[in-house]
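>>> sequence first, predicted model second:
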Amino acid sequence: MTRIVIVGAGPAGIAAAEVLCAQGYRPVLIDEGHRAGGQGYRQPSAGLTLDMRRLMGGEAGKYEAIHARFDLIEDKIDYRPRTLVWAIDGAALHLLSDGRVDVLEADTLLLATGAMDRVAPVPGWTLPGVLTLGGAQVALKDQGCLIGQRVAFLGSSPLMLLAARQYREMGGEVAVVADTTPLGAKAAALPPMLRAPRTLLRGLIYMASALQAGTPLLHGVTPLAVEGDGHVEELRLRDSSGRERRFACDAVALGHGLKPETQLADLAGASFAYDVDFRLFLPRTDGFGRSRPGLYLAGDGATIGGADAAEASGALAAHAILTDLGVTQDVGAVRRAARKVARLRSFQRGLARAFAWPVAQIRAQPDDTILCRCENVTIGAVRTAMAQTLGPVEVNRVKAMTRCGMGRCQGRVCGPALQEIVAGMTGDEGRSAGRLRGQAPVKPIPLTAAEGTAS
Amino acid sequence: MTVATADVGIIGGGLIGAWTALFLARRGQSVVVFEKGVVGAQSSGTNFGNLRLQGRFPAQYPLSMRSQALWEDLNALIGEDCEFAMTGHLYMAFDAEEAARLEGYADVSERNGLVIERLAPADLRRCFPWLSDKVAAATYSPRDATANPRLVTPAVARAARQAGAVFHENTRVSAVARQGESFVVRTVDGRELSCGSLVNCAGAWAVEIAECFGETAPVFTAGPPQFVTEPMPFMIVPSLQTIDGSVIARQTERGNVILAGYPRTAADAVANRAPVPPVKTLAAMRALARLVPALADAHVIRVWSGIEGYVPDMIPVIGPSQTQAGLFHAFGFCGHGFQIGPGVGLCLSEMILDGATATPLEPFSIGRFRAATTVSEKFRKEFD
């Protein structure tokens, strides 16, 4: 029987595994996490009891449902948690699990690798105490701890209000929720979002609850700096009226929405195209998740759509896999799922405008702002390299000259901001900057992992 | 169509092309360089960065030594140091048979004026306590060095430009021909250059140019599989190499350990790709952990390779064309071109302007491929 491998046990991966199981297949489900659920539906670490109902709020029902559904299929699939796919070479997936490497051949591969935070650098963002917004939520859901007692939320993301609410629920104080997108831009983005009124309503409820709790809620801010002596002490910003304001805090959660984790898609041979709404290079798929023959992409790892879209797109990709294997699928159900995915993803495009990636702010950053935190490369170093005769005009070349994006995270964090700096310097749109090429290992692997492998 | 004339046209904006352009321009020649991509992007920019003098092809020593003197003068020559560092090079053997070969290389090196220190296991423990006790013998050359290949070619090209050379990046040559007393070079984007001399240093793509003039070389493309670790505490000063080729490693001042190793990996000059097979990364990881046990917990963060031109006798093609006066070749550097790059550039400039160079380059003539090709032992060792 053909071996179907799914990478990622978030809502997309679980939904895909469910469809495949229901039609008599036993897929391999590989996941980096200790427990299924992905980032959004992350479960607490083993041995830790948390009030997840309270933490998940309006999403508690979905949280419980997805885990209950996973429990039903767990023994019907080949589930491999705590496993990193660190390279893909043709059909071979190179795995790292418990410190050892292994190889798994996949006839059909579905990548549901999810997303991570997209962050815009500000002066002081590498100070201890600054975490990504997603990191702040992981600390809470996985470990039951807060990143600080008094947390400032900075960036532009619908998840800021959700995380602020979660932090208040768990006993934290919220210093400020500072959104870099002006309120006017949000209003202008409303029409497409009306296509998913439930999600829109949920956002408004979070906003109301923040106001009710007395949390300062600012729109259209210009971040000036995260300040502190060896650790975060305050967030300094200019509000929409131009007034400079300071917020005492001991942690900052920084996030400007999400970016797909596309490294594996890149290594697996997906082709990419620039997306003007997200201002990112995204892997190309047809409406069902097909990339190249034998390769399928679903969930936020393909394009940002949120948990519901991820789940629907996972099921949809599984139907596409089965169709391509010659197994007749219920055409009506597939069409409905395709429409649902399209509708939810279109809503996310609206969100991308309502919570805008702050291109102008990134390009206006002073020279000494750190761009690449792994290699400690400043924005000024990139500008200087590009201004030279025969200087680089494309991100991979800038990386080669400056080491920006060359460190532990391989540009997963600084890549989007680097792209804007480079595009800004060449006086073009984001696409002209090019796309950082993926290279194995997608995450660092220790030399010891190779011990005892065949030569 | 843009028509231009120059004294010398250069096809290939790699290390060789940039150095040749610099030396010619400094002697008052008008020079135009055509580069299909950006300067120094292929083997010139993706190589390991070794300026190794130990263990070179014996006939190459005069060129190598001349080239090293240029490297040592880099800052004065181009105004940038490109992370040049005289790190020394430690060449290592795991057993008696390898040690005997090491001794053979050391003899050749010494006869060519290189200072070599022979290190017994006790010396190695004392000088390099982080090294595996499996190393049976080593030779150390203090004059060997390293530089950052990503930075060098653009820096040399900038200096050449300042001296008046013209660089056309993203400009692929579509045709070359002899017309009367000059060469005519045409590019895909509609440029035309008429030049008195022509240098073919197009790396993995150079045979196409040579064949326009009725000569050829059995060049094939490959790349060195390389990886780099996260920054580790700085401890390894010399560049490291095991004679079996399993480890070629160095630590940058920042702390990252860079590794290249044999066997080399396939490269696709048409698709412009040189992917590193993960099994080769794993093999190199094992080899590095064996050689430097202190690095066992280091994490590999990135792999890369580049497209290099190789010939089966593992000796580069350098010198005048055998079929066309005024045409000069410099390609097929078999992964060993970085160290000799400046020297090759200088020799080419002398051949073009003075009619000859004092550095002996006969063994590198393209004419050798008229007879049956010899396959070198090195070739068998470095490929799988």
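Nice, thanks for sending it over. Numbers count the residues shown, from 1 in each chain, chains lettered A, B, ... in the order given.
>>> alongside chain A, which residues does the stretch 51-200 of chain B contribute?
Contacts of the stretch 51-200 of chain B with chain A, taken as Cβ under 8 Å from any Cβ of the partner chain, map to B:R150, B:L151, B:P154, B:A157, B:R158, B:R161, B:Q162, B:F167, B:E169. All C-beta atoms are positioned from the backbone trio N, CA, C, and that covers glycine.
>>> sitting in strands, which of those do you find?
B:F167 (DSSP state E).
>>> in a markdown table: the residues of the stretch 51-200 of chain B next to chain A, plus pLDDT and neighbour count.
A markdown table is the format used below for these (pLDDT from 0 to 100; neighbours: other Cβ atoms under 10 Å in any protein chain shown):
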| residue | pLDDT | neighbour count |
| --- | --- | --- |
| B:R150 | 95 | 23 |
| B:L151 | 96 | 21 |
| B:P154 | 97 | 29 |
| B:A157 | 98 | 29 |
| B:R158 | 98 | 22 |
| B:R161 | 98 | 20 |
| B:Q162 | 98 | 14 |
| B:F167 | 98 | 24 |
| B:E169 | 96 | 16 |
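>>> narrow the residues of the stretch 51-200 of chain B next to chain A to those in helices?
Applying DSSP state H to these, the entries found in helices are B:R150, B:L151, B:P154, B:A157, B:R158, B:R161, B:Q162.
>>> all helices in the stretch 251-384 of chain B, in order from the N-terminus.
Remark: helices assigned in the stretch 251-384 of chain B by DSSP state H, counting those that start in this stretch are B:278-291, B:337-354, B:377-382.
>>> biggest separation within the residues of the stretch 51-200 of chain B next to chain A, which pair?
Using Cβ to Cβ, the pair of these lying farthest apart is B:R150 and B:Q162, separated by 20.2 Å.
>>> can you give me the buried ones in stretch A:204-214?
Neighbour-count burial for stretch A:204-214, counted by 16 or more other Cβ atoms under 10 Å in any protein chain shown, picks out A:Y206, A:M207, A:S209, A:A210.
>>> which one of those is nearest to chain B?
Here the nearest of those to chain B, counting by Cβ to the nearest Cβ, is A:Y206; it sits at 37.7 Å.
>>> quick revisit: now the two most distant members of the buried residues of stretch A:204-214.
Spatial extent of these (Cβ to Cβ) is set by the pair A:M207 and A:S209 at 7.4 Å.
>>> could you export the one helix or strand B:A206 maps to as CSV, CA atoms only?
Under the criterion of DSSP states H and E, B:A206 resides in helix B:206-211. Taking C-alpha atoms only, helix B:206-211 is exported to CSV below (Å, rounded to 0.1, in the frame of the first residue of the first chain):
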residue,chain,number,x,y,z
ALA,B,206,33.8,27.6,-19.8
VAL,B,207,33.9,24.7,-22.1
GLU,B,208,31.1,26.2,-24.2
ILE,B,209,33.3,29.2,-24.8
ALA,B,210,36.4,27.0,-25.6
GLU,B,211,34.4,24.9,-28.1
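>>> and stretch B:138-153, how far from the chain's centre?
11 Å (Cα atoms, centre = their mean, to the nearest Å).
>>> same thing with stretch A:242-262?
In terms of Cα atoms, centre = their mean, the centre of stretch A:242-262 is found 15 Å from the chain centre.
>>> how about the CA coordinates for that stretch, as PDB?
This file holds the C-alpha atoms of stretch A:242-262, laid out as PDB (Å, rounded to 0.1, in the frame of the first residue of the first chain):
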ATOM      1  CA  GLY A 242       2.100  62.000  17.900                       C
ATOM      2  CA  ARG A 243       2.600  62.000  21.600                       C
ATOM      3  CA  GLU A 244       5.400  60.000  23.100                       C
ATOM      4  CA  ARG A 245       4.300  57.500  25.700                       C
ATOM      5  CA  ARG A 246       6.000  55.100  28.000                       C
ATOM      6  CA  PHE A 247       4.600  51.900  29.500                       C
ATOM      7  CA  ALA A 248       6.300  50.300  32.400                       C
ATOM      8  CA  CYS A 249       6.400  46.500  31.800                       C
ATOM      9  CA  ASP A 250       8.700  43.500  32.500                       C
ATOM     10  CA  ALA A 251       7.900  41.700  29.200                       C
ATOM     11  CA  VAL A 252       6.900  42.500  25.700                       C
ATOM     12  CA  ALA A 253       5.000  40.100  23.400                       C
ATOM     13  CA  LEU A 254       5.800  41.100  19.800                       C
ATOM     14  CA  GLY A 255       3.900  39.900  16.800                       C
ATOM     15  CA  HIS A 256       2.700  41.100  13.400                       C
ATOM     16  CA  GLY A 257       0.500  38.200  12.400                       C
ATOM     17  CA  LEU A 258       1.800  34.900  11.100                       C
ATOM     18  CA  LYS A 259       4.000  33.600   8.400                       C
ATOM     19  CA  PRO A 260       3.800  30.100   7.000                       C
ATOM     20  CA  GLU A 261       6.600  27.600   7.900                       C
ATOM     21  CA  THR A 262       7.500  26.800   4.300                       C
END
